[in-house]
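Chemist: this one's structure only:
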């Protein structure tokens, strides 16, 4: 079947926190406007960079690196504890020299780097590892879990000290943190992208109970955690405070690019 060139080619992240954003594209009116597929964050970014997708839910560090334009309206953010970005260590934080990171999102790795440097005065060597906490900590001082693997990990039962990087960012800056946003290369119709993505999220927001029931079992999390995560931990609307948090992150991580400005 030939692709429908009138549809937006959209790549989204395959984690639970993305589902409300794409629910309208899957089950609402917006499904007629998009050709939607899923992958891990780093592959979403790669698809946009290589032209495999016009629009992606791209980690903000990759948005900066590629000089993409952000569609205003919605994305993935938090204000305080996010629950799905966990940094665990088997040594005191001030003694961390090595970090094993699930590198599916460069943004989370850069956030861990900023937190460890700014809050604990260390700059560990970082290696990329599969998201298995025991294996990661078998040969590294600390480990970074993100997304669904972090949700399936109870930080109070790991036997290690763990930090929620959303809470750590708020303690450091007093601002929300933006993990990913809908983004595209210059030239893509951002007004259309913003209309489709905002409407898709509005449909998802109105069907949170349905999303929780549809997703919790296959994600391996309880109903209570899934609902709390999607209604309390994750912020989906990106406003002025989130934009300030984003700019602050770019400065601290040395990722600022002149081309990156969210339209309002």
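Modeler: Cool, the structure landed. These numbers were taken from a predicted model, which means no experiment stands behind them.
Chemist: okay, CA-based contacts and neighbour counts for the rest of this
Modeler: Will do.
Chemist: please, where are all the helices along this structure?
Modeler: Taking DSSP state H, the helices of the chain run over residues 19-27, 41-50, 60-66, 106-120, 133-139, 147-151, 165-173, 190-205, 208-219, 223-228, 240-252.
Chemist: outline the domain layout of this protein.
Modeler: Under the assignment automatic domain parsing, the domains of the chain span 8-77+176-252, 85-173.
Chemist: chain center to the longest one: distance?
Modeler: Taking the mean C-alpha point of domain 8-77+176-252 and that of its whole chain, the gap between them comes to 8 Å (Cα atoms, centre = their mean, to the nearest Å).
Chemist: likewise the last one?
Modeler: Relative to its chain's centre, domain 85-173 lies at 15 Å (Cα atoms, centre = their mean).
Chemist: which of the helices of the chain has the lowest mean pLDDT?
Modeler: By mean pLDDT, the lowest-scoring of those turns out to be helix 41-50, with a mean of 90.
Chemist: give me the buried positions along that one.
Modeler: With burial defined by 16 or more other Cα atoms under 10 Å, the residues of helix 41-50 counted as buried are 41-49.
Chemist: the top strand by length along the chain pairs with which strands, and in what direction?
Modeler: Longest strand in the chain by number of residues (criterion: DSSP state E): strand 69-78. Strands that pair with strand 69-78, judged by DSSP bridges, come out as strand 177-184 (antiparallel), strand 235-238 (antiparallel).
Chemist: out of these, deepest packed?
Modeler: strand 177-184 (a mean of 27; mean count of other Cα atoms under 10 Å).
Chemist: who touches that one?
Modeler: Outside strand 177-184, the residues within contact range by Cα atoms under 8 Å, 6 or more residues apart in numbering are 48, 54-60, 63, 68-72, 74-79, 107-108, 166, 169-170, 190, 197, 242-243, 245-246, 249.
Chemist: coming back round to it: in CSV: the buried residues of helix 41-50, plus distance to residue 255.
Modeler: Shown next, in CSV, are the buried residues of helix 41-50 (distance: Cα to Cα, whole Å):
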residue, distance to residue 255
41, 18
42, 16
43, 19
44, 19
45, 16
46, 18
47, 20
48, 19
49, 17
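Chemist: name the residue closest to the centre of this protein, please.
Modeler: What sits nearest the mean C-alpha location of the chain, by Cα atoms, centre = their mean, is residue 179, with 4.0 Å.
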